[in-house]
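Engineer: quick one, fold the following:
(2 chains)
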Amino acid sequence: MSVRVRYAPSPTGSPHVGNVRTAIFNWLFARHEGGEFIARLEDTDRDPARYRPESIQDIETSLNSLGITPDEWWVNKEPSGYVQSERLPFYQAAAQELIDKGHAYPCFCTTERLTQMREEQQSRGVPSGYDRRCRRLSPADRERYISEGMQYTVRLAVPLEGKTTYNDLVYGEITFENKLIDDQVLLKSSGWPTYHLAVVVDDHAMGITHVIRGEDWLPSTPKQILLYQMLGYEQPKWIHAPLIVGTDKKKLGKRHGSTKFVEFIEQGYLPDALFNFLILCGWSAGDENRELFTKEEIVERFTLQGISKSAAVFDYEKLKWMNGSYIRSYSTEKLVALCMPYLVKAGTVSEPISSETTAYLAQVFPLVAERMKLLTEAPALVEFFFNDPTEYEDKGKRKWLTGEEAQNRISKAIEVFSNADGEWTIENAELATNKVVELTGSERGPIIHTLRTSITGRTVGPGLFETIAVLGKDCVVRRLHNALAAVTIVENAE
RNA sequence: GGCGCCAUCGUCCAGCGGUCAGGACGGGGGGUUCUCAGCUCUCAAACCGGGGUUCGAUUCCCCGUGGCGCUACCA
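Structural biologist: Numbering: from 1, shown residues only, chains lettered A, B, ... in the order given. Predicted coordinates:
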């Protein structure tokens, strides 16, 4: 049978990277096995404090931008098959079936009683869980309560004896004592299902063969296995993947900084880099000792055996390095296109983008690409290629734009560059600079630094000759004049 | 508290009874050079503790310790 896996996000917020990593694992497994990747919206929690319908957009964006668009989901199919809120009758039917078979029972306990019971159990230090009072109700009482219109939930009648064992394809054989499993609520008093019921009904309905999810779901797996057995469904294979945690080793959350996938995109991270980085959190290609992979290479190598068991600390530094690595691997054309929104937003260029600007950008970007780690850094990096410096970096001004020596260097440079004939190339820029070195009798280093500060306003940046070549003669001469005017003469240099 | 899972450099991973315990990020140092970055070379850095099993344990088993997860009419 062909592999069918799913990603089942809940619209309670924008997906965070741990969640997305699991989606990627599912996608990868489907692709590697030639199966289908499905997404299903688990929107059975209607508590206004948690329900965030607007996060559905982020779910779709995250999946699409990573290039792991599901083969089947509410976007390209009828929502009724892929959105749980449209499938209520199925869960209710399953709950009724369980009641009929004696595997579930109505529970009339109030929230107040439940809360009180839990608090008491905790204060006494005994295991918490439902005391199964309603499970012992006589059929007559049940009938009466229901006919009186009392609100009730439906609970799973967990076997009081025996064990539930399953073989996790990552964690191995895991056993739970049935008597320690809580009589889980399956149907809320509102008639909506809880996760446990809905996930089982739908995974079965959709023919899911492998459940790949975060390790935080591992302890609830026996409840679902029980449901599969009671409903007479064939169980899927279970695969739990290690959590992604913060530096404090705790499950990734708001306090760890950016954790939402879309936030990383906004900050200038590339989907390709994120994809590559994320699969390395909890998976490895084995003894290949490599970490930069194309998506195709990963699909080829992805196996469940490569999934590790221990939680992975999310290393922002390494992600940043990897992002820079991807940026450097991109063609100039691609990189310019990727950076364009940021340049427009910063006002570096304005729309519509002229073909001159595009051509200019194509010359500029090779010079700054290797210094870029985030796309958001582009505007600052290319700033001086578009605008004459209005001020000079403090350190540069003090060191290179101060005193008669500086004045002399810049004057000579103006002379040399404005009289330059022949082609305006990198080679000729260097030759011209050498000429200034000769004329001033200074050393080459200081001349270069003086010129860089004069022309770019900064002490760090791309190679000077390349910069001069791209900027063009008029621009360079103009900036040199400006710099000359900005040189400060001090009587007693400190 | 109960139940479950996990445990190799600071971090991510490799290792699947015998290795100088390997790679990457980060850190240190060198080279390239006009700065920064990049590239490149190089150094430091780890098998949680205790018992077993075995000729031999980082590796297999048990216990301890530690960390994490779950313990809702949330997923």
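Engineer: tell me which stretches of chain A form strands.
Structural biologist: Counting by DSSP state E, chain A has these strands, from start to end: A:4-7, A:36-39, A:104-107, A:153-156, A:163-168, A:172-177, A:185-187, A:210-214, A:237-241, A:244-245, A:312-313.
Engineer: identify all contacting residues around the first one.
Structural biologist: Meaning strand A:4-7. With CB atoms under 8 Å, 6 or more residues apart in numbering as the test, strand A:4-7 has contacts from A:22-23, A:26-27, A:29-30, A:35-40, A:63, A:70, A:203, A:206-212. C-betas here are computed from N, CA, C, even on glycine.
Engineer: please indicate which of those residues are buried?
Structural biologist: Using 16 or more other CB atoms under 10 Å as the burial test, the contacts of strand A:4-7 include A:22-23, A:26-27, A:29-30, A:35-40, A:63, A:70, A:203, A:206, A:208-212 as buried.
Engineer: near RNA strand B, which residues of the stretch 1-150 of chain A?
Structural biologist: A:8, A:10, A:12, A:42, A:44-45, A:47, A:50, A:109-111, A:114, A:118, A:125-130 (CB under 7 Å from any atom of the strand).
Engineer: which residues sit against stretch A:95-115?
Structural biologist: For stretch A:95-115, contacts defined as CB under 8 Å, 6+ apart pick out A:130, A:133-135, A:137, A:142, A:145-146, A:150-157, A:183, A:185-187, A:193, A:197, A:227, A:230-231.
Engineer: off-centre distance for stretch A:455-462?
Structural biologist: 34 Å (CA atoms, centre = their mean, to the nearest Å).
Engineer: list the buried ones in stretch A:145-152?
Structural biologist: For stretch A:145-152, a neighbour-count test (16+ other CB under 10 Å) marks A:145, A:152 as buried.
Engineer: low-confidence stretches in chain A?
Structural biologist: A:491-494 (pLDDT under 70).
Engineer: reformat the strands of chain A as a markdown table; add distance to residue A:341.
Structural biologist: Putting those into a markdown table (distance: least, CB to CB, whole Å) gives the following:
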| stretch | distance to residue A:341 |
| --- | --- |
| strand A:4-7 | 28 |
| strand A:36-39 | 27 |
| strand A:104-107 | 53 |
| strand A:153-156 | 49 |
| strand A:163-168 | 43 |
| strand A:172-177 | 47 |
| strand A:185-187 | 47 |
| strand A:210-214 | 33 |
| strand A:237-241 | 33 |
| strand A:244-245 | 28 |
| strand A:312-313 | 31 |
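Engineer: closest to residue A:414 out of those strands?
Structural biologist: Shortest distance between residue A:414 and the strands of chain A, using CB to CB, is found for strand A:312-313: 55.0 Å.
Engineer: ok, that closest one: who's next to it in the sheet?
Structural biologist: Strand pairing for strand A:312-313, determined by DSSP bridges: strand A:244-245 (parallel).
Engineer: could you pull out the helices for the stretch 151-300 of chain A?
Structural biologist: Using DSSP state H, counting those that start in this stretch, the helices found in the stretch 151-300 of chain A span residues A:195-205, A:221-231, A:261-266, A:271-279, A:295-301.
Engineer: and RNA strand B, is the second one touching that?
Structural biologist: I take that to be helix A:221-231. No - taking CB under 7 Å from any atom of the strand as the criterion, helix A:221-231 and RNA strand B are apart, separated by no less than 8.5 Å.
Engineer: over to the last one?
Structural biologist: No - no part of helix A:295-301 sits near RNA strand B under the criterion CB under 7 Å from any atom of the strand; the closest distance found is 11.8 Å.
Engineer: list the buried ones in that helix?
Structural biologist: A:295, A:298, A:299, A:301.
Engineer: mark which of the contacts of stretch A:95-115 are buried, thanks.
Structural biologist: Members of those classed as buried by 16+ other CB under 10 Å are A:130, A:134-135, A:137, A:142, A:145, A:152-157, A:183, A:185-187, A:193, A:197, A:227, A:230-231.
Engineer: residues near the closest residue to residue A:220 other than its chain neighbours, how many?
Structural biologist: Distances taken as CB to CB, 6 or more residues apart in numbering put residue A:196 closest to residue A:220, at 6.7 Å, once the chain neighbours are dropped. Using other CB atoms under 10 Å, residue A:196 is surrounded by 17 other residues.
Engineer: hang on, residue A:196 packs against residue A:225?
Structural biologist: No - Residue A:196 lies out of contact with residue A:225 (CB atoms under 8 Å); the separation is 10.6 Å.
Engineer: so what's the closest residue to residue A:235 other than its chain neighbours up against?
Structural biologist: Spatial nearest neighbour of residue A:235, chain neighbours left out: residue A:228 (4.7 Å); criterion: CB to CB, 6+ apart. Residues in contact with residue A:228, defined by CB under 8 Å, 6+ apart, are A:200, A:204, A:234, A:235.
Engineer: tell me the contacts of residue A:439?
Structural biologist: Residue A:439 neighbours (CB under 8 Å, 6+ apart): A:412, A:415, A:416.
Engineer: any idea how far it is from residue A:153?
Structural biologist: In this view, residue A:439 and residue A:153 are 90 Å apart by CB to CB, to the nearest Å.
Engineer: list the contacts of the residue of the stretch 151-300 of chain A found nearest RNA strand B.
Structural biologist: Residue nearest to RNA strand B within the stretch 151-300 of chain A: residue A:284 (2.9 Å; CB to the nearest atom of the strand). Contacts here follow CB under 8 Å, 6+ apart; on that basis residue A:284 touches A:306, A:308.
Engineer: I figured residue A:12 hits residue A:46, correct?
Structural biologist: No - counting by CB under 8 Å, residue A:12 does not reach residue A:46; the two are 10.7 Å apart.
Engineer: ok, residue A:173 - contacts?
Structural biologist: Residue A:173 sits next to A:165, A:166, A:167 when contact means CB under 8 Å, 6+ apart.
Engineer: which of the residues you listed tops the neighbour count?
Structural biologist: Compared across these, residue A:166 has the highest neighbour count, 17 neighbours, by other CB under 10 Å.
Engineer: so what's that residue up against?
Structural biologist: So residue A:166 contacts A:173, A:174, A:221, A:222, A:225, A:235, A:238 (CB under 8 Å, 6+ apart).
Engineer: got the residues you listed as TSV, with distance to residue A:444 columns?
Structural biologist: Below are these laid out as TSV (distance: CB to CB, whole Å):
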residue	distance to residue A:444
A:173	71
A:174	69
A:221	69
A:222	74
A:225	75
A:235	74
A:238	67
